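Enquirer: Kindly return the folded structure for what I paste below:
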Amino acid sequence: MKTPPIRLLPVSAVFLLLNTVLPGAQQARAQELAFDHNHTNAEVVEYLNQVVRMHPGIASLHTIGKSYLGTDLLVLEVTSRETGPGLTKPGYWIDGNLHASEVMGAEVTLHNIDTLVKGYGRDPFITDLIDTRVIYLMPKLNPDGSDHYLTKPDGMRSSVRPHDSDRDGSFDEDPGEDLNGDHYLTQMRIRDPEGPMKTSPDDPRLMVRVGENEQGEWRVMSEGIDNDKDGRVNEDGVGGLDINRNWPSRWQQEYIQGGAGPYALSEPETRAVADFILAHPNITGLINHHMAGNFVYRPPTNKNYDVATGEEIPMAASDESNFAYLGRKYTEVINGQDVTPVLGRGGPPRYGAIWGVMIGWAYDHLGIYSWVPEMGSYTPFCDYDGDGNVSEAERMRWNDTELDGKIFADWKPFDHPVHGEVEIGGWVSKVWDPARGSYTNMMCAPGPVFEDFLQKHSRWNLWLVAQSPLLQVTDVTVTALDSGFFKVTAQVGNLGYLPTNVTEQAIRNRMAGTVTVSLSLDGADLLMGDAVVDIGHLAGNSSTAESLEWMVKSTSRRAPTVTITASSLRGGTDSKEVILR
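Expert: The predicted structure follows:
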């Protein structure tokens, strides 16, 4: 399949186009999605199917497996069918909601989809992106955990599979309980002169730690009951296995890496995603959205050692340089936020860093640039004094003046079956909507701050997709010689920013196929040159375009044709057909 001419735009123009408001006619044609609450898996499934129905030329839906509870695991593929199958184009993976409570990732992934389908045919940058690349988007990598978080009062980090979090031989035996039936799991405070907390002198709803030689007033614990009578409350709730510690890259057992599971890819969700990504070697990069702190993580996630010598193997200098270049754009686009390797942030934990992480697997094993945007904190919403930190007083001001008191449950008395008279209340991280029967995380509070957040992350995500390698056959010339002989020359270049191998790590791991150029003839014979030529890897931005030459002889009375095809796993496929005359 021949691809249309590539239309490259400067980065400044790309950003301008991504921010352009689309005309009303295009808005009406595109499926609308309101970012006014956190979407449950059922809502996401309905939306994805509507996208495919409304945009069959660019969208298709894959069911890649079943979750622990038997829920379909869905990936939306976005690319133009007219310009060829997705596997013949450079690909990119974008997902959300690997961690159950980190629901902002699903919303950003949905916003990416919304931006793509609304922009195709109207926005030149997005149109070119969908014509020349393929994007695989999975809003709900962990649909069971996400729905538990969005429909139950308790929190959850990851999988719903029962897990012995407190290692007492029982599974999920001490979850939190909504004792007062207000749809929230908050805190219990019990009057205790030996307690570590006292009522804040500035706001009676808040508590502060007692100072030296001060008498305590409260001891505080999570709302619930010590079901297993071990002296702790709510320490073994639903699930507990962490499916972002379940990937093959330097996976470690639970005694080293808590939540890792019995073996790498033991969970149906991680196994299905790994199988899909391995079946799509055209994928050149990966974004795994998370939710905490407002920065972006990148590899390395731990130290890498040669298995034979035991010597540490540092990241290749070119990979480090490209991580820095791609990350600087995140800082530029998203409010100056930091980019940091997982290894080294806040001091490495035991044995080096964290183990069995998705982005570590993507880079270490597959050799693709991978990212974890840790999105969301209160800072953009209520840092009233602009110092980069949000105090409890500022948070309460936001609660009182802008949120109608939604994120703080006032303390109310309750007769606890064990502790007697207690008070239940405190901060909530998600707000119950009785009309929908679900919760919305407060970091996804609808309004201009969240809309700006969605737009900026979509800008960076789609800019990353555009940095992937992109092969193109250019400058094909035919020189007619005597007696039906022809000399055919062609240039093959890489129009993307990244090289066709993407990373040096991919070459180390033999995961990056080289570029091959093939010649096929109709009505002519090949006299000089090889029908298939391996030209190795090509650097980005056409900086090392390769020139190839063949000699052919016509064997037909009609004008013969020659087709030149350049192909690589990650740079895509491009063909040019010329008539010999």
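
Enquirer: can you pull the contacts of G513?
Expert: Counting by CB atoms under 8 Å, 6 or more residues apart in numbering, G513 touches 281, 568-570. In short, each C-beta sits where N, CA and C put it, glycine included.

Enquirer: Of those, just the buried ones, ChimeraX syntax please.
Expert: The ChimeraX selection below is limited to those of the contacts of G513 classed as buried (16 or more other CB atoms under 10 Å):
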select :281,568,569,570
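
Enquirer: For the contacts of G513, give me TSV that also has distance to M188, pLDDT and secondary structure.
Expert: Shown next, in TSV, are the contacts of G513 (distance: CB to CB, whole Å; pLDDT from 0 to 100; DSSP: H, G, I helix; E, B strand; the rest coil):
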residue	distance to M188	pLDDT	secondary structure
P281	53	97	coil
S568	60	96	strand
L569	56	95	coil
R570	54	97	coil
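
Enquirer: Grab the two from the contacts of G513 that are most spread out in space.
Expert: P281 and S568 (9.9 Å; CB to CB).

Enquirer: pLDDT of stretch 414-426, averaged?
Expert: Stretch 414-426 carries an average pLDDT of 96.

Enquirer: whoops, stretch 470-477 was the one
Expert: Mean predicted confidence for stretch 470-477 is 93.

Enquirer: rewinding a little: any chance of TSV for the contacts of G513, columns distance to P448?
Expert: As requested, the contacts of G513 are exported to TSV (distance: CB to CB, whole Å):
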residue	distance to P448
P281	41
S568	43
L569	42
R570	38
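
Enquirer: between the contacts of G513, which is closest to G145?
Expert: Among the contacts of G513, and counting by CB to CB, the member closest to G145 is P281, at 28.8 Å.

Enquirer: For stretch 162-174, which outside residues touch it?
Expert: Taking CB under 8 Å, 6+ apart as the rule, stretch 162-174 contacts 224, 226-228, 230, 232-241, 259.

Enquirer: how about Y297, phi and psi?
Expert: phi -90, psi 150 (degrees, to the nearest 10).

Enquirer: State whether it and P341 are indeed in contact, as I suppose.
Expert: Yes - the pair Y297 / P341 is scored as a contact, 7.4 Å apart, by CB atoms under 8 Å.

Enquirer: out of these two, which sits in the more crowded spot?
Expert: Higher neighbour count among Y297 and P341: Y297, with 23 against 16, using other CB atoms under 10 Å.

Enquirer: Domain ranges for the chain, per the record?
Expert: 11-149+240-377+446-466, 164-238+404-443, 471-579 (automatic domain parsing).

Enquirer: Sort out which residues of the helix ranked longest in the chain are buried, please.
Expert: Criterion DSSP state H: the longest helix present in the chain is helix 448-466. For helix 448-466, the neighbour count (16+ other CB under 10 Å) marks 450, 453-454, 456-466 as buried.

Enquirer: what's the answer for stretch 204-219, then?
Expert: Of the residues in stretch 204-219, those buried (16+ other CB under 10 Å) are 205-207, 210, 217-219.

Enquirer: For it, measure first residue to last.
Expert: The straight-line separation of the ends of stretch 204-219 (CA to CA, to the nearest Å) is 15 Å.

Enquirer: what sits up against it?
Expert: With CB under 8 Å, 6+ apart, stretch 204-219 has contacts from 189-200, 220, 392-393, 396, 408, 410-411, 425.

Enquirer: And that stretch, how far out from the chain middle?
Expert: 42 Å (CA atoms, centre = their mean, to the nearest Å).

Enquirer: Need the per-residue pLDDT for L17.
Expert: The model's pLDDT for L17 equals 41.

Enquirer: Please identify the most buried of the domains of the chain.
Expert: domain 11-149+240-377+446-466 (a mean of 20; mean count of other CB atoms under 10 Å).

Enquirer: How far off centre is stretch 485-497?
Expert: The answer for stretch 485-497 is 35 Å, by CA atoms, centre = their mean.

Enquirer: so what secondary structure elements neighbour whichever helix or strand T109 is part of?
Expert: Element membership for T109, per DSSP states H and E: helix 104-119. Identification of packing neighbours for helix 104-119 by 3 or more CB pairs under 8 Å, 6 or more residues apart in numbering; DSSP states H and E yields helix 41-54, strand 72-78, strand 91-95, helix 124-132, strand 134-138, helix 448-466.

Enquirer: right, and those - which one's nearest D433?
Expert: Short answer: helix 41-54, nearest of those by CB to CB, at 12.6 Å.

Enquirer: In terms of secondary structure, what does the closest one contact?
Expert: Going by 3+ CB pairs under 8 Å, 6+ apart, helix 41-54 lies up against strand 59-66, strand 72-78, helix 104-119, helix 143-151.

Enquirer: Adjacent strands (with direction) for the first one?
Expert: To tie it back to what came earlier, the one meant is strand 59-66. Paired strands of strand 59-66, with direction, are strand 72-78 (antiparallel) (DSSP bridges).

Enquirer: is the residue nearest to A272 when sequence neighbours are not counted in a bridge, and if so with what?
Expert: Ranked by CB to CB, 6 or more residues apart in numbering and with sequence neighbours excluded, the top spatial neighbour of A272 is G65, at 2.9 Å. G65 forms beta bridges with L73, as assigned by DSSP bridges.

Enquirer: Look up how far L129 lies from G65.
Expert: Noted for G65: a distance of 27 Å to L129, by CB to CB, to the nearest Å.

Enquirer: For the closest residue to T79 other than its chain neighbours, name its beta-bridge partners.
Expert: Spatial nearest neighbour of T79, excluding adjacent residues (CB to CB, 6+ apart): V134 at 3.8 Å. Judged by DSSP bridges, the bridge partners of V134 are G91.

Enquirer: my guess is V134 meets K89, correct?
Expert: Yes - applying CB under 8 Å, one finds V134 in contact with K89, separated by 4.7 Å.

Enquirer: so what sits against both of the two?
Expert: 79, 282.

Enquirer: ok, which stretches of the protein are helices?
Expert: Under DSSP H, the chain gives helices at 11-18, 24-29, 41-54, 104-119, 124-132, 143-151, 268-278, 317-333, 358-361, 379-382, 392-402, 448-466, 504-508.

Enquirer: looking at the ones you listed, which is closest to A490?
Expert: Evaluated over these, closeness to A490 peaks at helix 124-132, with 19.2 Å, by CB to CB.

Enquirer: which residues of this structure score low on pLDDT?
Expert: Scanning the chain for pLDDT under 70 picks out 1-31, 344-353.

Enquirer: who's sitting farthest from the centroid in it?
Expert: Within the chain, the residue lying farthest from the chain centre (CA atoms, centre = their mean) is S483, at 58.8 Å.

Enquirer: who touches it in this structure?
Expert: Applying CB under 8 Å, 6+ apart, we find S483 in contact with K553.

Enquirer: Repeat that for N142.
Expert: Contact analysis of N142 by CB under 8 Å, 6+ apart lists 67, 97-100, 158-159, 243, 269.

Enquirer: just to revisit the earlier point, with distance to Y369 as extra columns, can I get the helices of the chain in CSV?
Expert: Converted to CSV, the helices of the chain look like this (distance: least, CB to CB, whole Å):
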stretch, distance to Y369
helix 11-18, 17
helix 24-29, 32
helix 41-54, 26
helix 104-119, 17
helix 124-132, 17
helix 143-151, 26
helix 268-278, 14
helix 317-333, 6
helix 358-361, 9
helix 379-382, 26
helix 392-402, 36
helix 448-466, 8
helix 504-508, 9
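
Enquirer: Could you point out which of these sits nearest H537?
Expert: helix 504-508 (7.5 Å).

Enquirer: re earlier: just send the contacts of N142 back as JSON lines, with distance to L141 too.
Expert: Shown next, in JSON lines, are those (distance: CB to CB, whole Å):
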{"residue": "S67", "distance to L141": "9"}
{"residue": "N97", "distance to L141": "6"}
{"residue": "L98", "distance to L141": "5"}
{"residue": "H99", "distance to L141": "9"}
{"residue": "A100", "distance to L141": "10"}
{"residue": "S158", "distance to L141": "10"}
{"residue": "S159", "distance to L141": "11"}
{"residue": "I243", "distance to L141": "8"}
{"residue": "E269", "distance to L141": "6"}
